[in-house]
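Chemist: Okay, sequence plus prediction incoming.
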Amino acid sequence: MTTRALPLLLSRRLPFFYGWVVLGCVCCAGFSRQGGAVATLSIFVEPMTHDFGWSRVAISGAVSLGGLLAAFSAPSLGRVLDRQGARAVLCCAILLTGMADMALSLTMSLLMFYALFCIARTNFAGPFDLGIYGAVNNWFVARRSVTTAIATLAQMVGLVSLPLIAQSGMQHGGWRGGWLAVGLAVLAVGFVPTWLLLVRAPEDIGLVPDRRATPHAAPTDIAPRPEPVFSRADALRTPAFWLLSLFTLFAYPVQAGVSLHQAPFLIERGLQPAVAATVVSTFSFMSGVASFAFGFFPRSLPVRYALALAALLQLAGTLTMLGVHAPLHAYLAAAAFGAGIGGLLTLLPIAWADYYGRRSFGAIRGLALSGQVLAQAVGPLLSGVLRDWSGNYDLSLECFAVLSVLAVLAALIARPP
């Protein structure tokens, strides 16, 4: 039986469009992606540094190194995605992440920790991002916003669940048991449905995006949207590519820099650690809500307006943080900033697909993803350096506010090519 036989059989028998099955596979993969998330690693920082005597900087370096490896590999991986489809990319990412997470239970040295966690983190930043959104964009055009929002929300569910699974495993087997639990969850949730059911594109099994089939589409089925066709070389010659890339370079340092340093900033402003923790939870909750809500942004309006709104929310959150002196201000800042981040996560993959189409999405998005990952690495570093130099976080927040304004401007002028 070929890998297409089961999807082909199901697509003919199911009473609904097979793309929803694909979306379910993508959601499972999005859950598994969080095996390499910083939130998952954070559960292990205290017990592992206690056992081995590592510094917090040393254990955090694996996150940065994994991101850098993803930045270098993303452009070539994007071409693989366009040729082979998301199934191969995501299956490899899930398998490697699950095995690396389980192998982390055997960690005996910092070098071994780096070697294993970098695998999970590189997959998180590169293959998972390209594979998840590549699959959604191949199967949905008219429904792209809503389905992308659902795929992003599934990742948020994983971001909440895997740290809890790790904590549960640690109660029975220490941090080594925690890593085993995370790795098993990654493989159990993500691998089987992705391997068995994911198909590269609807045309591979006689369908078209958004609908069951071209000759027999029901009158109530959603009408297809006209879609552009660009190669990577064509895209590089358009102003929109560079403007969307600029938007990414302006917005993502703010996203990463504020997110990582949010709790220590609030404590420096006089808030209790317990209050700071609930503020961070508010930020995470609003990110999840907004990532889903932005999927319902009217498709009749240009996506660049939605991107500008997300950047404006980031700006509002950053400026509100500058005035934080009481819990209420902190919660307001976290709500605004979290809403902006949620919009950013959902909207950028939609913008790249809407502007340049499905044919070379992987190659185009892979090139842009390198800049995104590097921008995410710069934000926390910039915030930390300015904090140590000036003695507080005010200067870094002012810099992030300026970057947010520039992101708004870049989004507004990034017209479709």
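Modeler: Arrived safely.
Chemist: For the helix or strand where Gly134 lies, name the packing helices and strands.
Modeler: Using DSSP states H and E, Gly134 falls within helix 127-139. Helices and strands touching helix 127-139, by 3 or more C-beta pairs under 8 Å, 6 or more residues apart in numbering; DSSP states H and E, are helix 19-33, helix 56-84, helix 86-103, helix 144-197, helix 327-356, helix 361-390. C-beta coordinates here come from the backbone N, C-alpha and C atoms, glycine included.
Chemist: could you dump these to CSV with mean pLDDT, distance to Ala401 and mean neighbour count?
Modeler: Conversion of these to CSV gives the following (pLDDT from 0 to 100; distance: least, C-beta to C-beta, whole Å; neighbours: other C-beta atoms under 10 Å):
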stretch, mean pLDDT, distance to Ala401, mean neighbour count
helix 19-33, 95, 30, 24
helix 56-84, 83, 24, 18
helix 86-103, 96, 35, 23
helix 144-197, 91, 25, 20
helix 327-356, 90, 11, 24
helix 361-390, 82, 13, 20
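Chemist: Out of these, which gets nearest to Asp129?
Modeler: Asp129 lies closest to helix 361-390 among the helices and strands packed on helix 127-139, at 6.2 Å (C-beta to C-beta).
Chemist: So what's the gap between the closest one and the chain middle?
Modeler: The chain centre lies 14 Å from the centre of helix 361-390; the measure is C-alpha atoms, centre = their mean, to the nearest Å.
Chemist: about what we covered before: so which of the helices and strands packed on helix 127-139 comes closest to Phe247?
Modeler: When the helices and strands packed on helix 127-139 are compared (using C-beta to C-beta), the closest one is helix 327-356, at 8.0 Å.
Chemist: Check which helices and strands the closest one is in contact with.
Modeler: Using 3+ C-beta pairs under 8 Å, 6+ apart, helix 327-356 sits against helix 127-139, helix 144-197, helix 239-268, helix 273-293, helix 303-322, helix 361-390.
Chemist: On the pLDDT front, check the closest residue to Gly174 other than its chain neighbours for me.
Modeler: Nearest non-adjacent residue to Gly174, counting by C-beta to C-beta, 6 or more residues apart in numbering: Pro47, 6.9 Å away. The per-residue pLDDT reported for Pro47 equals 87.
Chemist: How about Gln34?
Modeler: 90.
Chemist: For the helix or strand hosting the residue nearest to Gly174, which outside residues touch it?
Modeler: Counting by DSSP H and E, the element that carries Pro47 is helix 38-52. The contact list for helix 38-52 (C-beta atoms under 8 Å, 6 or more residues apart in numbering) reads 34, 54-56, 59, 62-63, 107, 109-110, 113, 117, 159, 162-163, 166-167, 170, 174-175, 178-179, 182, 260.
Chemist: rewinding a little: could the helices and strands packed on helix 127-139 go into JSON lines alongside distance to Ala293?
Modeler: Putting these into JSON lines (distance: least, C-beta to C-beta, whole Å) gives the following:
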{"stretch": "helix 19-33", "distance to Ala293": "17"}
{"stretch": "helix 56-84", "distance to Ala293": "28"}
{"stretch": "helix 86-103", "distance to Ala293": "25"}
{"stretch": "helix 144-197", "distance to Ala293": "8"}
{"stretch": "helix 327-356", "distance to Ala293": "7"}
{"stretch": "helix 361-390", "distance to Ala293": "22"}
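Chemist: Could you measure from the spatially closest residue to Leu412 that is not a sequence neighbour over to Arg358?
Modeler: Leaving out its chain neighbours, the residue that sits closest to Leu412 by C-beta to C-beta, 6+ apart is Ala308, at 5.1 Å. For Ala308, the distance to Arg358 equals 25 Å [C-beta to C-beta, to the nearest Å].
Chemist: just Val408 next, same as before
Modeler: Counting by C-beta to C-beta, the gap from Val408 to Arg358 is 28 Å.
Chemist: Can you give me the neighbour number for the residue nearest to Gly174?
Modeler: 14 (other C-beta atoms under 10 Å).
Chemist: which outside residues touch stretch 359-370?
Modeler: Taking C-beta under 8 Å, 6+ apart as the rule, stretch 359-370 contacts 70-72, 74-82, 125-126, 129-130, 133-134, 137-138, 229-232, 235-236, 241, 244-245, 248, 349, 352-353, 356.
Chemist: returning to that earlier point: quick one, which of the helices and strands packed on helix 327-356 is nearest to Ala334?
Modeler: helix 273-293 (4.0 Å).
Chemist: Average pLDDT for the closest one, rounded please.
Modeler: Rounded mean pLDDT across helix 273-293 is 81.
Chemist: name the helices or strands packed onto that helix?
Modeler: So helix 273-293, by 3+ C-beta pairs under 8 Å, 6+ apart, packs with helix 144-197, helix 239-268, helix 327-356.
Chemist: Now distance to Arg211 too, for those helices, in TSV please.
Modeler: Output for the helices and strands packed on helix 273-293, formatted as TSV (distance: least, C-beta to C-beta, whole Å):
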stretch	distance to Arg211
helix 144-197	14
helix 239-268	28
helix 327-356	17
